[in-house]
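S.K.: coords please:
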Amino acid sequence: QLQLVESGGGLVQPGGSLRLSCLASGFPLDYYDIGWFRQAPGKGREGVSCISSSGDSTNYADSVKGRFIISRDNAKNTVYLQMNSLRPEDTAVYYCGRYFDFPCSNYPDYWGQGAQVTVSS
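M.R.: Numbering: from 1, shown residues only. The predicted model follows:
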């Protein structure tokens, strides 16, 4: 069964860090580009970052550039999002999705249940 499962969310103070993980199962992860997107209450979906199937290419939204780092370990079927210097405006539910294009500009065909990230003092 195809699954993407996010983990690592939580409550963190402004300026803090979190690392999200996206564990894939049921399909060969190294065939696909994987992206992270987020949705805050009352707002639309926002693409955060994307990594190519090989891991050679990455891209980031301007709002997170220089603070977030996406990476992948295909041997562990996992994609990561390291989030540093977190701000209250980063508060959202974060999802990982499977894409057929880089830099993940189209809609994913599968995504996980999401991980809540709350940045607050």
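S.K.: which residues touch stretch 45-65?
M.R.: 30-40, 68, 70-72, 74, 79, 81, 83, 89-90, 92, 94, 99, 102-105 (Cβ atoms under 8 Å, 6 or more residues apart in numbering). Quick note: C-beta positions are derived from backbone N, CA and C, even for glycine.
S.K.: give me the buried entries from the residues you listed.
M.R.: With burial judged by 16 or more other Cβ atoms under 10 Å, the buried subset of the contacts of stretch 45-65 is 32-38, 68, 70, 72, 74, 79, 81, 83, 90, 92, 94, 99, 102-104.
S.K.: and those, which of them are in strands?
M.R.: Mapping these onto strands (DSSP state E) picks out 33-38, 68, 70, 72, 79, 81, 83, 92, 94, 99.
S.K.: looking at the residues you listed, which is nearest P14?
M.R.: M83 (12.1 Å; Cβ to Cβ).
S.K.: how far away is the residue nearest to G35 when sequence neighbours are not counted from I34?
M.R.: Once flanking residues are discounted, G35 sits nearest to C104: 3.3 Å by Cβ to Cβ, 6 or more residues apart in numbering. Note on C104: its distance to I34, by Cβ to Cβ, to the nearest Å, is 8 Å.
S.K.: most remote residue from the middle of this structure, which is it?
M.R.: Largest separation from the mean C-alpha position in the chain: S121, at 23.2 Å (Cα atoms, centre = their mean).
S.K.: G66: neighbour count?
M.R.: By other Cβ atoms under 10 Å, 9 other residues sit near G66.
S.K.: measure it to M83 for me?
M.R.: 12 Å.
S.K.: and G112, by the same measure?
M.R.: 16 Å.
S.K.: and W36, by the same measure?
M.R.: 9 Å.
S.K.: now for these two: what residues contact both?
M.R.: Here W36 and M83 have L20 as joint contacts, going by Cβ under 8 Å, 6+ apart.
S.K.: show me the contacts for N106.
M.R.: Contacts of N106 (Cβ under 8 Å, 6+ apart): Y99, F100.
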